[in-house]
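**Student:** Sharing a model prediction with you, sequence too.
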Protein chains: 2
Amino acid sequence: MNDTGITPSPQFLANLDVRVVVFCLREERLQVLLTPHLNLCDAESMPPQAWELPGSPIPIDQSLEETATESVLRLTGLREAFLEQLYTYGDVSRCPQQRLISVAYFAIIPAGSTRPAPGGSAGFSARWFPVEQLPALAMDFREVIAYAQRRLRYKLEYTAVGFQLLPEYFSLSELQKTYEMILGEKLDKRNFRRRILQAGIIEETNRLRGGEGRPARLFRYRPDAVAEIRARRLFP
Amino acid sequence: MNDTGITPSPQFLANLDVRVVVFCLREERLQVLLTPHLNLCDAESMPPQAWELPGSPIPIDQSLEETATESVLRLTGLREAFLEQLYTYGDVSRCPQQRLISVAYFAIIPAGSTRPAPGGSAGFSARWFPVEQLPALAMDFREVIAYAQRRLRYKLEYTAVGFQLLPEYFSLSELQKTYEMILGEKLDKRNFRRRILQAGIIEETNRLRGGEGRPARLFRYRPDAVAEIRARRLFP
DNA sequence: CCAAAAGTGTTTGCTCTACACCCATGG
DNA sequence: CCATGGGTGTAGAGCAAACACTTTTGG
């Protein structure tokens, strides 16, 4: 971590880093974690003029996935987050300072687990931004985030990744709202419930959550239901 | 290109290369292009004891995709082949000689376009191997090929990638055989034809191909039909 | 008792599947 | 005329989509 970002120390691989798109549901919106782009923000007091995806260079004795996991841990305090390789970006002029190849990962952390508020711990001044209102971004990171979002939407339809976004116990309405938010379309309540229950990937608990109106029964993700769902498509 | 494979010349990025899984339909089977693994094959006359995926280090002034395209061109003489990034492999001990990160691509070249027979031109002594009968492979390349094959199968179900494997004109039976070979299951002739025609991605020509039995009408891929097919699944 | 959110079934249309016979050509 | 592969339609089952009212709680 130097402030030029140009020459990582020799125990790191040159011209190569890992970047992570960390998704979280906050304030009813899908948000992404970003760090200030240091090149344009020398005075610490000034607000950064551009943001970037968090990440780190790759230690010579760490795999790509370990490196990404550590970035997520450093930023959020979570080690068990969902993490998947996204794509490797290597265009020649994507970074003005040097030839830089970034292996992008995307991560999902559950709603409510934002105790290590970014800005605290080792997260420097990382901040959450709604994916619909991103600030100015360095390099090709807007494209990276857009791709991560497409992939998230896609995985949501076919796999059980949706539960990664929610806390351990959740109501079916919360789950449905999550799906609607990410897919960007309304779903029929009865069809949604029937399908998600038939898929057998969540189980009823005897907890209830009160609020306004009738209390909702809470459900839990069944971890024994394999990640890649038996049914080919969860939502057609 | 040296024979240690350890230190690419300084105009290349260190610890990083591109590898390509090139698929082609030959002799009624899906085949992959491999090159001898030089570390284990110093005497040129000896048969290599292990094979590897072709590829090259990354010139400092070339993108990943350009590098992959040039590898395919050098190996097959084709510039327009289908090419897609697959995954980036970066485990610490995948290569015994050095820390090596490989950005894997997969490519598809049409059946019959094997004029620049591997072994000729600049392809050193590259050879085709049926994916079902791979020789001993260096590093994690068996895993890479297996993943490429999964991805090919997957893409075949959802996109129009199948036509990349066939020559410009083909009969519906040839197309069906291709699908069956890659999916590894028999398909019903009538259902196959109905669906593939309904999808509107191929068009009838007035060519016929004779052989034994009744001559077959030849079809052609409609390049205006976008790569990602309108229907969500081509084959359920 | 009223507002607010939770919960619950049925009908209809479409799509996938299974299945068997005739056609055109070359030898 | 016979062997070989090419070409064609239909009936039944299962799945997805559309749709409106009742239930439970808190204030």
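**Tutor:** Yes, it's here.
**Student:** Dump the C-alpha coordinates for the longest strand seen in chain A into PDB.
**Tutor:** With secondary structure taken from DSSP state E, chain A has its longest strand at strand A:12-26. In PDB, the C-alpha atoms belonging to strand A:12-26 read as follows (Å, rounded to 0.1, in the frame of the first residue of the first chain):
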ATOM      1  CA  PHE A  12       4.200  -9.100  -4.800                       C
ATOM      2  CA  LEU A  13       3.600 -10.000  -8.400                       C
ATOM      3  CA  ALA A  14       4.200  -7.100 -10.700                       C
ATOM      4  CA  ASN A  15       1.600  -5.600 -13.000                       C
ATOM      5  CA  LEU A  16      -1.100  -7.700 -11.400                       C
ATOM      6  CA  ASP A  17      -3.700  -7.300  -8.700                       C
ATOM      7  CA  VAL A  18      -7.000  -8.600  -7.400                       C
ATOM      8  CA  ARG A  19     -10.100  -6.400  -7.200                       C
ATOM      9  CA  VAL A  20     -13.300  -7.300  -5.400                       C
ATOM     10  CA  VAL A  21     -16.800  -6.100  -6.100                       C
ATOM     11  CA  VAL A  22     -18.500  -6.500  -2.700                       C
ATOM     12  CA  PHE A  23     -22.300  -6.500  -2.800                       C
ATOM     13  CA  CYS A  24     -24.500  -5.900   0.200                       C
ATOM     14  CA  LEU A  25     -28.100  -5.000   0.700                       C
ATOM     15  CA  ARG A  26     -28.300  -1.800   2.700                       C
END
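**Student:** Relative to the whole chain's centre, how far out is that strand?
**Tutor:** For strand A:12-26, the gap between its own C-alpha mean and the chain's C-alpha mean amounts to 10 Å (CA atoms, centre = their mean, to the nearest Å).
**Student:** Does that strand reach chain B?
**Tutor:** Yes: taking CB under 8 Å from any CB of the partner chain as the criterion, strand A:12-26 and chain B are in contact, through A:Leu13, A:Ala14, A:Asn15, A:Leu16. Using the backbone N, CA and C atoms, a C-beta is placed for each residue, glycine as well.
**Student:** so which of these is the most crowded?
**Tutor:** For the residues of strand A:12-26 next to chain B, neighbours were counted by other CB atoms under 10 Å in any protein chain shown; the highest total belongs to A:Leu16, with 24 neighbours.
**Student:** which ones are touching it?
**Tutor:** Taking CB atoms under 8 Å, 6 or more residues apart in numbering or on different chains as the definition of contact, the neighbours of A:Leu16 are A:Pro57, A:Ile58, A:Leu100, A:Ile101, A:Ser102, A:Val103, B:Leu13, B:Asn15, B:Leu16, B:Ile101.
**Student:** Next, give me the two most distant ones among those.
**Tutor:** Pairwise distances across the contacts of A:Leu16 peak at 14.8 Å for A:Ser102 and B:Asn15 (criterion: CB to CB).
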